[in-house]
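In: pasting the structure only:
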C-alpha cells in the first residue's frame, strides 16, 4: 500500500468521521488536577497487584526508552502514519501523571482520553485496555503513582497534518473503539474468562498479532491472524499459525513461563520482553492466558497434526550426514550454523533444530533476517542463550543465499519474495538493538533455570 | 646488621654447611630487616645457592631465575625491578627466566600470593649478596678495602673511579655459594626502579600479536590433539567404534586408554571435526552421583567432617545483651579462564618435555612422571604463560593429556587444546562453603563473644601425584584420587581468614574439614578467604547495625593492628565516608576490610551500589580501596591487581554458581555460567596504596576478593534494608527480598 | 586453495572453506593475536576486522571472507611502530593476563574507525560481546578513550601539516 494513498484515504475517512463525531465525541472535559498523592498512601498489597498487572500489560516496554528511566516515556513507535513517542507515566507533577486523579487514569484506560481532555493516539492500545476492570485500574494506578518520578518532557510526535490534530482521533474512536469493561462469557469456566479478560484486555496480544486496516485499527474479523511489531513479524497465533509443530496448551505455558519450548524455539525480539515481564506474574494468570489461547488456536486439523509429528520425528533423529554442499546457502549453513544448530545439545542453550523454526515457515522473512543479523544477546548476569550475529561477517547477498536455502530445506515452503530487500530493511531498522525493557530482555524467566533436558 | 656484610667465599664454603632448612613463612615476613634471622629468607631457604637465582655471563649478560610463573600479575616485571635495583644494573639489561624444572629452583606453586614474598624476597637477597660478592672481588683484585667502592650500571666503581664491569669480575663458579641469612639491602630512599610504576615487559608483545602464550606455540612438525572427555564424573566408556574417525582427513591417531579418549590430526580444525565424530561414536555408561544443586547447605552440613577448633580464647560464658546469629553460603564457583587450558608435549630421546601453564612445574612433573611410570628426571616441565588461571584450573590436566598422547607419538610435538565446554565442565571448582556465625554485644555496643564455624572441602587437590590429574584417573590402570588434606594454618584452606583479625574478649573458631568431594574441587583465588571474609565482614555490619554504630567506627573499635586501622581510615576517607551518611534513593554504601590470611596484604574497600527496586538489579556504582602490601615493587601493577580483584569478585558475588543435575555439570559455557560484561562495569574504581618502604613484601594478588564481596553485600543491604547471605546475590534473590 | 587478503597482503591458504577464520589466521598464517576463547561466539577473544567491521572469527567460516580484506592486530602496527590503539593500551597498561586484549582492541579499532569520539556508554555497549576475567575493564575503557584522543590528535596534526 503506497504511503500517499494510505494518507489520502486516512485523511478522507477521518475528516468524514471526525465531522460526525465532532459534537458527540470530539470534545472531552478536563478532569481537575490534584496534588501528587503520597506514595505511602497506597496499600502495599494493591501496589504489588498493580506491578503484576503492569507486567502483563507490558507497560514498561513502550513507556521506557533504552538507557532511560523507567516509565519516563520517549520510546518511538513507528506507525504507517509517522512516529509517535510514548508519554511519561511516572508520577512526576509536571511532565508525568503526578497530578492525575484515579478517575483520569481510569478514563485514559477506558476511553483513551488524557486528564486534560485530549484524545490519546491509539498506539496506546486503549481499544484493549478498555476491558480492564475498575479494580485493576485502581491497582495499576497505585503502582504507577508509587514509581520514581522522572522529569522528562514529552517528545513531539512526528505526524503530518491533519493527523497531528488530536481531534481526528475522535473519528477513529467512533469507528473502532468498542468501549467498556470485559463481560464474562457465562458458558465458559472461570479460568477461560480470566484468560479472555487478560488476553483481550491488558495483555493486548492482538495489538501485535492481529492485522490492521488502512486506518490502523485491528481487523476484528481476522483476530490473531498475524501482525507486526518493531519490524518483527508477529505470527498468526490462531489456527493459521505457521509453526511446523502445532502449539499445545502445555507448550505455550512453558514458552510463556520460561521463554522457550523444546518443539518451537526461544522467544526472540519483542516477545522476549513479553516473556521477561510475564516472569513477574503468578502461574495462574499465565495458565489462564494459555487456556484462552488454546481455544483461539484450537486443535490442529489432521493433516497439520500429521505433518507436525513428521517434523518432530525429523528433529529428534540424528542429523543427516553432511551431503555435498553445492549451493552457497548450503555451504554457509554447514559452516556457520550447523555447529550449534545440529548438536545434540537441547534448547534453550543449543541452537534450535531448524525444522522446528516458525521463522522459516512463516510467510514473512523478517524474523529470520533479524535473528541472523543480530543473534541473541546475553542477559546481564543470568543464564540465557547467546547467539552471535552475522551482520558484520555476511553481506546481504550471503544472508539471502542462506535464508533461501533454509527456507527450502527446513521451512519446506515456497520461496520468499524480495528477501534481499527484507534483509537490507532489517539491517537498517536495527530494531533488534533497541533496548526498551526495564527488566532483562531475552530472559528465561526462572533465574535458577537449569538445563532440564 | 646495617653495616656492610662481608662475604668470604672460602669461609662460606668451609664453614656454614647446609642452609637448607624447612621453610617457615611467618619468620620470612614478620620480621623486618633490622632483626636477625636464622636462615635466608623466602625461597632462598630451600634453594640457597646464589647462582640458582642470578647468573652473570662473561659478556655481562645477566639472567634472573625464578621458580614462579607469570600468571598475568606482572611478576616477571616485578622481579626484574627487584633484581635490577639490588644489582644496580639497568632494568632493560636483565632477562628473567621463569619456572622450568631444568633451570629454576623448585618454588612449589605460584599461588597463595606468595610470589613476591617468597621469590621476590629470594631474588632481592640473592641480588644484594651477588652485588656484595662482586664488590668484594673488585676490592680483592685492587687490593683495597671494599668500603669505598660502589656499584653503578652493572659495574663496580673503585674509589679512584676505575670501572670494573660485572662481566669482567665474574669468574668460574664465583656465584656458586650459599646465601647468607642477611644481606645489605638498598635503602628504599635511594630506589631508582623498585617502587616505580615500570611498564610491564610482557605487554608490548601482547598488544602487537607477539607470541606470548602456550596457545601460541608452534613447533616443527607439531600435531593437534583433542580429548573426548566423559560426559560426567565416573562415566565408563562401553564402546567406541573408531574406524570412521581414523579415516577422516588429517587424522594421525586415535588414542584410547581405558576411559581416556583422544584424537590427533595434522591441522587444528581437522582435530576438532574428528573430535565431534569421535564424541558421537563413544558410548558411555553414566552414574548419577551429584548432590542437589539447590541444597548445598544441607549437603555440606550432613557430610562427615573432621572438626578442629582453631581458635579458642577467653572462656566467659556469653554475657552479651544482644545475640545475633547468621548462616552464609557459597556455591561451587568456576575459575572461568578465558583461554581454555592448553599444553604441548614432546617425547624425544626418552625425555618428555611438557610446555604448560601449570602453576607448579615441579609437582606437575612429579605427577606426570608417576602417570607415565618413568623417573622424574626424564620429564621436564616448562612454564609458558596461559590466560589467567586464578588458581588450579585445567592446566595440569591438559599437561597430563598432552604427555599421555605424546607418548604414543614419539618425536612429534603434540598440542592439546581444551574446548570451552571441557574447561567449564572439568576444571576443579572453588568449593562450596557454609559458615555459621554467632556473636553477642555487651552494654557498650562492643562484641563480647564471637563464634564462627566453617564447613568446607580441602582447597587444594593440586598435583603431586598422578591421581590428581584426569588423564591418570581415566586411563586403564588408573591412579586413584589422593586423599584430600587440609592446608595447615596459618595459611589454611577452608579456614583461611576464618580467624578474625579483630580482637574479642571471647572467641571460638571451628573448622569442619569435609573430605568427601562429590564435585571436583581445588584451589581458587583467595581459597576459603573469599567466603570467610564475606561472612565475617557481612556479620560485622549486621552487628554494627544492631549496636546502632557506624560500620567503619565499629570495625576500628575492635581492631588493634595499626596498619589495618590505617588502611580502613584511608579507604573511608577517600570514599567520603562519614557517620550518619545517607545514600541517595535506591543506593547504599558498604564497607569491608581484611588482611589476607592475617599475614599478607591489608585491603579495605568502600562501595556504593544502586539497586533497581522493580527488577532487583544491583549495580556497583563506585568502589574505593586502600591497600598496604608492605614495600611496593610496582605500584601500577598493584593497582591493576586490586582493580581486577574488585571486578572479579563482583562477578563471583553477584552472578556465579556452577550448575548441575544429578549426573552432569550443566554450566558448560558462558550462556550457562555468565560472568561480568561491560554493561555492569562500575563508573569508577579507585585504589589508594599505603607504601611501606623497607618493610617486607606482602602478597596482594588475593587480598581484594573477600572485602569486595562483603562491601557489595553490605551496600545492597544498606540500599534495600534486606540482608542477603547466600551467594551469589542475584537480581532475582534481591528482588524477592525486596518484595517479601 | 583460497586467496585471503590479510593485513594488506594476499595469502594462498590451503584450508577447507568451512574452516573458521580463527584457525586459518592462527594455524595457516601463524598469526597470534586472535585467540581461541570459546569457539562459540560468546567471549570476543577471536575478534578481527573484516571489511571494516569487527567479526567473531571463531564463528566466521573462510568461505564468508573470501574477497574481503581482513585486518588483525598484527596489521595495525608493531612494537617499533605501534598504532594509536596499541600505544594507548600500552600507556594505560591495560592488561593483566592479556588474553582478551587483542579482541578488545580490534573491536575498539573498528568502533573508532566509524566514530572518532565515542562516549563512555557507547564504548561499553560496543564491548558487550567481550569478556575479561581478570577484571581489567576500567583500564580497557580508559585505553579506548586514550586511543580516540591519540587518533584525533594524529588527524589534527596531519591536517595541520597538509594545510601548510
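Out: Structure's in. What do you need? Quick caveat, the model's predicted, so the values are computed rather than measured.
In: where does residue 83 land on pLDDT?
Out: With no chain named, the answer covers chain A. Note on residue A:83: pLDDT of 87.
In: meant chain C actually
Out: pLDDT for residue C:83: 97.
In: so what's the residue count around it?
Out: Residue C:83 has 21 neighbours, counted by other CB atoms under 10 Å in any protein chain shown. Every residue, glycine included, has its C-beta placed from N, CA and C.
In: wait, what's in contact with it?
Out: C:76, C:77, C:109 (CB atoms under 8 Å, 6 or more residues apart in numbering or on different chains).
In: wasn't the second one part of a strand?
Out: No - when DSSP: H, G, I helix; E, B strand; the rest coil is applied, residue C:77 is found to be coil, with no strand at that position.
In: low pLDDT regions in chain C?
Out: C:158-164 (pLDDT under 70).
In: per-domain residue ranges of the chain.
Out: Since no chain was named, I'll use chain A. Domain assignment of chain A by automatic domain parsing yields the ranges A:3-176, A:325-433.
In: ah, no, chain B please
Out: By the record's domain assignment, chain B is partitioned as B:9-201, B:214-287+B:335-426, B:433-459+B:494-739 (automatic domain parsing).
In: so, in contact with chain A or not, the last one?
Out: The one in question is domain B:433-459+B:494-739. Yes - for domain B:433-459+B:494-739, a contact with chain A is found by CB under 8 Å from any CB of the partner chain, at B:585-586, B:612, B:614-615, B:617, B:654-655, B:659, B:661, B:666-667, B:669-674, B:676-677, B:679-680, B:730-733, B:739.
In: same question for that domain, mean pLDDT?
Out: 97.
In: for residue B:606, give me phi and psi.
Out: When read as degrees, to the nearest 10, the backbone of residue B:606 gives phi -110, psi 140.
In: list the contacts of residue A:380.
Out: Per CB under 8 Å, 6+ apart, neighbours of residue A:380: A:440, B:617, B:674, B:677, B:679, B:680, B:731.
In: helix/strand/coil for it?
Out: Under the three-state scheme (three-state DSSP), residue A:380 adopts coil.
In: look at it and report its pLDDT.
Out: 91.
In: hang on, residue B:182 in a strand?
Out: No - counting by three-state DSSP, residue B:182 is not found in a strand; it is coil.
In: ok so, going back, could I get the domains of chain B as JSON lines with distance to residue A:152?
Out: Shown next, in JSON lines, are the domains of chain B (distance: least, CB to CB, whole Å):
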{"stretch": "domain B:9-201", "distance to residue A:152": "44"}
{"stretch": "domain B:214-287+B:335-426", "distance to residue A:152": "39"}
{"stretch": "domain B:433-459+B:494-739", "distance to residue A:152": "17"}
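In: on that earlier part again, show me which of the residues of domain B:433-459+B:494-739 next to chain A neighbour chain C.
Out: Counting by CB under 8 Å from any CB, the subset of the residues of domain B:433-459+B:494-739 next to chain A that neighbours chain C consists of B:669, B:670, B:671, B:676, B:677, B:679.
In: and the buried ones among these, selectable in ChimeraX?
Out: Restricted to buried positions by 16 or more other CB atoms under 10 Å in any protein chain shown, the ChimeraX selection for those reads:
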select /B:669,670,671,676,677,679
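In: using TSV, lay out the ones next to chain C among the residues of domain B:433-459+B:494-739 next to chain A together with secondary structure.
Out: Output for these, formatted as TSV (three-state DSSP):
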residue	secondary structure
B:669	coil
B:670	coil
B:671	coil
B:676	coil
B:677	coil
B:679	helix
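In: just give me the closest of the ones next to chain C among the residues of domain B:433-459+B:494-739 next to chain A to residue A:97.
Out: Comparing these against residue A:97 with CB to CB places residue B:679 closest, at 29.8 Å.
In: is it true that the closest one touches residue C:124?
Out: Yes - Residue B:679 lies in contact with residue C:124 (CB atoms under 8 Å); the separation is 6.2 Å.
In: in the helix or strand that contains residue A:296, what counts as buried?
Out: Per DSSP states H and E, residue A:296 falls inside helix A:283-297. Within helix A:283-297, the residues that count as buried by 16+ other CB under 10 Å are A:285, A:286, A:287, A:288, A:289, A:290, A:291, A:292, A:293, A:294, A:296, A:297.
In: stretch B:301-319 now?
Out: Here stretch B:301-319 shows B:303, B:305, B:310, B:311 as buried, counting by 16+ other CB under 10 Å.
In: of those residues, closest to residue C:33?
Out: Nearest to residue C:33, judged by CB to CB, of the buried residues of stretch B:301-319 is residue B:303 at 46.7 Å.
In: so how far is residue B:457 from the closest one?
Out: Residue B:303 sits 9 Å away from residue B:457, going by CB to CB, to the nearest Å.
In: try residue B:579
Out: In terms of CB to CB, residue B:579 sits 41 Å off from residue B:457.
In: and those two? which has more neighbours close in?
Out: Remark: of residue B:579 and residue B:457, residue B:457 carries more neighbours, 30 against 10, as counted by other CB under 10 Å.
In: show the contacting residues for the residue nearest in space to the middle of chain C.
Out: Nearest residue to the geometric centre of chain C (CA atoms, centre = their mean): residue C:106, 1.6 Å. Taking CB under 8 Å, 6+ apart, we find residue C:106 in contact with C:33, C:34, C:47, C:48, C:49, C:54, C:71, C:72, C:73.
In: restricted to strands, list those residues.
Out: Per DSSP state E, strands hold the following members of those: C:47, C:48, C:49, C:54, C:71.
In: filter the residues you listed down to the ones near chain A?
Out: For chain A, the contacts drawn from the ones in strands among the contacts of residue C:106 by CB under 8 Å from any CB are residue C:54.
In: sorry, back to before: would you mind checking the residues of domain B:433-459+B:494-739 next to chain A for buried ones?
Out: For the residues of domain B:433-459+B:494-739 next to chain A, a burial check counting by 16+ other CB under 10 Å picks out B:612, B:614-615, B:617, B:654-655, B:659, B:661, B:666-667, B:669-674, B:676-677, B:679-680, B:730-733.
In: phi, psi for residue B:239 please.
Out: Main-chain torsions, residue B:239, degrees, to the nearest 10: phi -160, psi 150.
In: and the nearest residue to it once chain neighbours are set aside, what element?
Out: Leaving aside its sequence neighbours, residue B:239 sits nearest to residue B:283 (CB to CB, 6 or more residues apart in numbering or on different chains; 4.3 Å). In this structure, residue B:283 is located in strand B:282-285 according to DSSP H and E.
In: need the contact partners of that strand.
Out: Here strand B:282-285 makes contact (CB under 8 Å, 6+ apart) with B:228, B:230, B:231, B:232, B:235, B:236, B:237, B:238, B:239, B:240, B:261.
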